[in-house]
Structures are given as structure tokens and as C-alpha cells.
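K.L.:
model this:
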Amino acid sequence: MHDYQRPPTLYRYGVREDLELALTQGQFILRAAPPCLALSFSQVWDRKLFDLFSADSCLVIHNSEEFGERLHRAVQRTLPNWAGIDGVVEYGVRAALGAAFTKTAAEAQEQEWLFAWRAMQHASLNPVMIKIGSLENFAELRDRDTQLS
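P.N.:
Here you go, the predicted structure:
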């Protein structure tokens, strides 16, 4: 089992059009983060991250456990010979989870939580679309000006 705890809430900053597909269909694109395919979130609500990621919206996931389990199951169906893990990205030090979870100290404001999958045999790192179904029962879209309670 996991020896870590997902943060209770995850934030994905991006373009509203893409995040609406994420909210209504659970559509995400896994992208190369050698040696893995990965999907990145932040653990924080921070207006500065809208600029950093050229975002106009933020997908706020209020149940990271359900989300993470659904995501891992969907990727397992799509990429059966890949192993998945998720965890916190470490900044300025070599992460225990490896290179994909290691970033420079300058990137620390991202406070990233990363979902990553590694092929168990040689495979390409082309982007892969995953659909996990609607997230509307535990997620919402917010814009930069939304006040958090």
C-alpha cells in the first residue's frame, strides 16, 4: 500500500476549454516527463500560478483519493504494461521517487503533485489521452478571481 498521503485537494491550472473537458468527461492528456508519462497538479491555490502556466482557469478536485484511484484504473486499462505511481515533487534535491519527481529549487512555487507511469518494457513517450468520466460530483472550475472560503 502507499506510505504517503495525497493532499485532500488538487489544482490543475490551464485553459478553460481543456479543463471543461476534464470536468465533464474526465479527459486528461498524459505527457512525456522522461522516463515517464505524467499528469501534473498543484497542491495549492495561488493566483501567481495562473500566470506561470498561462492559465485562465483552474480545475479544483476536492476528492483526490477518488480521483487518483479512477485515474490509475483508467491508465491501467489503456496502458496495461505500465506501472503507475503518484507523489509529491521535490525541489532542489533528488526525489526518492526518481527523476520525474525532481525539479529545481526555482520551480518550488508550483508545489506539484505528480501522477506518473513508466513502461515495463521499452515504449514511446507519445502523449496519451485518458478519460475517467465526469468529475462534476467532486470537482469544479474556478477562475483567477474566485475567492476561496
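K.L.:
mind naming the longest helix for this protein?
P.N.:
Determined from DSSP state H, the single longest helix within the chain is helix 64-78.
K.L.:
counting by contacts, list what whichever helix or strand comes after that helix packs against.
P.N.:
Per DSSP states H and E, the first helix or strand lying C-terminal to helix 64-78 is strand 82-88. Of the remaining helices and strands, those touching strand 82-88 by 3 or more CB pairs under 8 Å, 6 or more residues apart in numbering; DSSP states H and E are helix 64-78, strand 112-119. All C-beta spots, glycine's among them, are computed from the backbone N, C-alpha and C.
K.L.:
let me have those in CSV, extended by mean pLDDT and mean neighbour count.
P.N.:
Compiled in CSV, the helices and strands packed on strand 82-88 are given as follows (pLDDT from 0 to 100; neighbours: other CB atoms under 10 Å):
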stretch, mean pLDDT, mean neighbour count
helix 64-78, 97, 16
strand 112-119, 96, 22
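K.L.:
now render these as TSV, adding distance to G14.
P.N.:
Output for these, formatted as TSV (distance: least, CB to CB, whole Å):
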stretch	distance to G14
helix 64-78	16
strand 112-119	14
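K.L.:
so which of the ones you listed is nearest L19?
P.N.:
Checking the helices and strands packed on strand 82-88 against L19 by CB to CB gives helix 64-78 as the closest, at 13.8 Å.
K.L.:
pull the number of nearby residues for L10.
P.N.:
Using other CB atoms under 10 Å, L10 has 23 other residues around it.
K.L.:
just want the angle from the longest helix of the chain to strand 82-88.
P.N.:
160 degrees (axes from the mean of the first three to the mean of the last three CA atoms, to 10 degrees).
K.L.:
when you give positions from now on, start the count at 3
P.N.:
Got it, the first residue is 3 from now on, which makes the last one we talked about helix 66-80.
K.L.:
what's in contact with helix 66-80?
P.N.:
With contacts defined as CB atoms under 8 Å, 6 or more residues apart in numbering, helix 66-80 is touched by 8-12, 28, 30, 32, 41, 63, 84, 86, 88, 115, 117, 119, 130, 132-135, 137, 140-141.
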